[in-house]
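Student: Next input, structure requested:
(one chain, ligands or ions: 3)
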Amino acid sequence: QSDNEADQDSPVSRFQRYLRIKTAHPDPDYASAVAFLKSQALEIGLNARILEFVPGKPLLLVTWYGSNPSSPSILLNSHMDSVPAESSKWLHPPFSAVRTSDGRIFARGSQDDKCIAIQYLEAIRNLRSQNFVPARTIHISYVPDEEIGGFDGAAKFVQSKEFKELNVGFMMDEGQASPGDEFRVFYADRSPWGLIIKAKGTPGHGSRMYDNSAMENLMKSIEIMSRFRESQFEIVKAGEAANSEVISVNPVFVNAGIPSPTGFVMNMQPSEAEAGFDIRIPPTADPDAIRRRIVEEWAPARRNMTFQIIEKGPIRDYLGGPLMTMTNDSNPWWSVFKTAISEAGGKLSRPEILATTTDARFMRQMKIPVLGFSPMTNTPILLHDHNEFLRDSVFLRGIKVYESLISALSSFQEDVSSQ
Ligand SMILES: CSCC[C@H](NC=O)C(=O)O
Ligand SMILES: [Zn+2]
Ligand SMILES: [Zn+2]
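Tutor: Residues are numbered from 1 along each chain as shown. Ligands and ions are numbered 1, 2, ... in the order given. From the prediction side, this is the model:
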């Protein structure tokens, strides 16, 4: 049951092999990841090709052709990259993929999101060995750079002619672990903005009291933004909304002062100061209202402030609608998804907005319905955390869930091309 069978060829050992590839930023080993996944795909009998929109950032596209190749296809997405890990703070080295005697597999990426990468392949391996024949074509995309925004990965992919040719009707992407025994599913992400506010002001001796110093101007903004943050957080604390349903505004850097060889000059008030914020906007919020708030309250010119919004991807679809996938009868894929989960013996909790951001936003921008889903129940949420792990039993059950999903989605006959 434990780790000494690591050399055996099994779904878990293949998962471990993938986990051992060092795909953490800032230097993810995409070449090894692509080589491994491609060899798996070929061994199963699938098609595999490598696309490279940006040199050094390959994307692997795996295809299982359906008997009905003109129907819109199913796309299963997984990013190959991982966030870094502080080795010294882990119980087991983050790229060892050690399996403990209780079945926990420790690795950076075990939840985010190398599990689904292998589960897609293992589910297809099993369906093929049962002689299942899909009607719709199924693609798996293994993309680079999700953790740093996806701009050289999924963003370029959706704009490509290769993507158009896939004729994707429905897509699945990563979700998040569920501590309880219901599976979680996500119909939207929050859209990320980076906001940098800059204050200018009157410089002067550190002992002087006067109005309109750069630090004073910046600190006023920070106070006002903290109050806004508090107001959003109170809604969450009162239980009126989930974390992912409000606008988060979190300070991530401040930069001011006049450097000296020993630190900062202490008796000079600087003429410039700036701060950076991570802002996440749920699809229900109005980005123009936030923009107005920034102009009028957070970085007003009257307080000698300027600002820069770094928009990290789309915030509306190409028709101007919110980036979300319907989870009601208007979306026929939703009922196929729901049924397939229950046929696999799973319970589903109420669809949620994801608090973080994934590549799904680029496909939702093209109006492709996307559900975020990672089949991990009874699992603590450890993405980006120390000691990220997944239980072998949870991993293996996930393969069964994808068998149910892939067979249902690929067999779904209704013509949805007019939707
Ligand atoms: C600028 S998009 C960044 C994407 C990243 N995704 C996962 O953590 C995130 O910060 O949510
Ligand atoms: Zn992820
Ligand atoms: Zn992540």
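
Student: ok, Val54 to ligand 1 distance?
Tutor: Separation of Val54 from ligand 1 (Cβ to the nearest ligand atom, to the nearest Å) stands at 16 Å. For every residue, glycine as well, the C-beta is placed using N, CA and C.

Student: Excluding residues flanking it in the chain, which one is nearest Met215?
Tutor: Ala273 (5.3 Å; Cβ to Cβ, 6 or more residues apart in numbering).

Student: Doesn't that neighbour belong to a strand?
Tutor: Yes. Per DSSP: H, G, I helix; E, B strand; the rest coil, Ala273 lies within a strand segment.

Student: Was I right to think it contacts Pro203?
Tutor: No. Using Cβ atoms under 8 Å as the test, Ala273 is too far from Pro203 to be in contact (11.0 Å).

Student: Now list whatever residues contact both of those two.
Tutor: Residues touching both Ala273 and Pro203 (Cβ atoms under 8 Å, 6 or more residues apart in numbering) are Ala214.

Student: Now the closest residue to ligand 1 within the stretch 201-350 of the chain. Nearest residue, chain neighbours left out?
Tutor: Per Cβ to the nearest ligand atom, Lys312 is where the stretch 201-350 of the chain lies closest to ligand 1, at 3.5 Å. Among residues not flanking Lys312 along the chain, Pro192 sits closest, at 4.3 Å (Cβ to Cβ, 6+ apart).

Student: Check which element follows the helix or strand the one you found falls within along the chain.
Tutor: Following DSSP states H and E, one finds Pro192 within strand 191-200. Next helix or strand after strand 191-200 toward the C-terminus (DSSP H and E): strand 204-205.

Student: What parts of this structure come near ligand 1?
Tutor: Within the chain, the positions near ligand 1 by Cβ under 6 Å from any ligand atom are Glu147, Gly149, Pro192, Lys312, Thr356, Thr357.

Student: which ones are touching the third one?
Tutor: Okay, so that is Pro192. By Cβ under 8 Å, 6+ apart, Pro192 lies in contact with Asp278, Ile279, Arg280, Ile281, Lys312, Gly313, Thr357.

Student: Of these, which pair is most distant in space?
Tutor: Taking Cβ to Cβ as the measure, the contacts of Pro192 span a maximum distance of 13.8 Å, between Asp278 and Gly313.

Student: Between those two, which has more neighbouring residues?
Tutor: The neighbour count for Asp278 versus Gly313, taken as other Cβ atoms under 10 Å, is higher for Gly313 (19 against 15).

Student: who touches that one in this structure?
Tutor: The contact partners of Gly313, taken as Cβ under 8 Å, 6+ apart, are Gly149, Gly150, Phe151, Ala155, Ser191, Pro192, Thr357, Arg361, Phe362, Gln365.

Student: And stretch 278-292, what's buried?
Tutor: Ile279, Arg280, Ile281, Pro282, Pro283, Ala285, Pro287, Ile290 (16 or more other Cβ atoms under 10 Å).

Student: can I get those residues in JSON lines with pLDDT?
Tutor: Converted to JSON lines, the buried residues of stretch 278-292 look like this (pLDDT from 0 to 100):
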{"residue": "Ile279", "pLDDT": "98"}
{"residue": "Arg280", "pLDDT": "98"}
{"residue": "Ile281", "pLDDT": "97"}
{"residue": "Pro282", "pLDDT": "97"}
{"residue": "Pro283", "pLDDT": "96"}
{"residue": "Ala285", "pLDDT": "95"}
{"residue": "Pro287", "pLDDT": "95"}
{"residue": "Ile290", "pLDDT": "98"}
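
Student: Generate a markdown table for those, with secondary structure and distance to Pro93 as supplementary columns.
Tutor: Output for those, formatted as a markdown table (DSSP: H, G, I helix; E, B strand; the rest coil; distance: Cβ to Cβ, whole Å):
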| residue | secondary structure | distance to Pro93 |
| --- | --- | --- |
| Ile279 | strand | 35 |
| Arg280 | strand | 32 |
| Ile281 | strand | 37 |
| Pro282 | coil | 37 |
| Pro283 | coil | 39 |
| Ala285 | coil | 41 |
| Pro287 | helix | 42 |
| Ile290 | helix | 42 |
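
Student: Compile the residues you listed into TSV and extend it with columns for distance to Ala408.
Tutor: Formatted as TSV, these follow (distance: Cβ to Cβ, whole Å):
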residue	distance to Ala408
Ile279	38
Arg280	32
Ile281	33
Pro282	29
Pro283	27
Ala285	34
Pro287	36
Ile290	39
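
Student: which of these sit farthest apart?
Tutor: Ile279 and Pro283 (14.1 Å).

Student: hmm, back to that, the residue of the stretch 201-350 of the chain closest to ligand 1 - how many residues pack around it?
Tutor: 20.

Student: residue contacts, it?
Tutor: Taking Cβ under 8 Å, 6+ apart, one finds Gly149, Ser191, Pro192, Trp193, Gly194, Thr357 in contact with Lys312.

Student: same check, this time on Thr339
Tutor: Ala408.

Student: Then it would be within a helix, right?
Tutor: Yes. Secondary structure assignment places Thr339 in a helix (three-state DSSP).

Student: still on that earlier bit, just the buried residues of the contacts of Lys312.
Tutor: Buried among the contacts of Lys312 (16+ other Cβ under 10 Å): Gly149, Ser191, Pro192, Trp193, Thr357.

Student: Report the spatially nearest residue to the second one, omitting neighbours in sequence.
Tutor: Pointing back at Ser191 there. Using Cβ to Cβ, 6+ apart and skipping the chain neighbours, the partner closest in space to Ser191 is Ile315 (4.3 Å).

Student: pLDDT score assigned to the one you found?
Tutor: According to the prediction, Ile315 has pLDDT 94.

Student: just use 474 as the starting number from now, easier for me
Tutor: Sure thing, new numbering starts at 474, so read that last one as Ile788.
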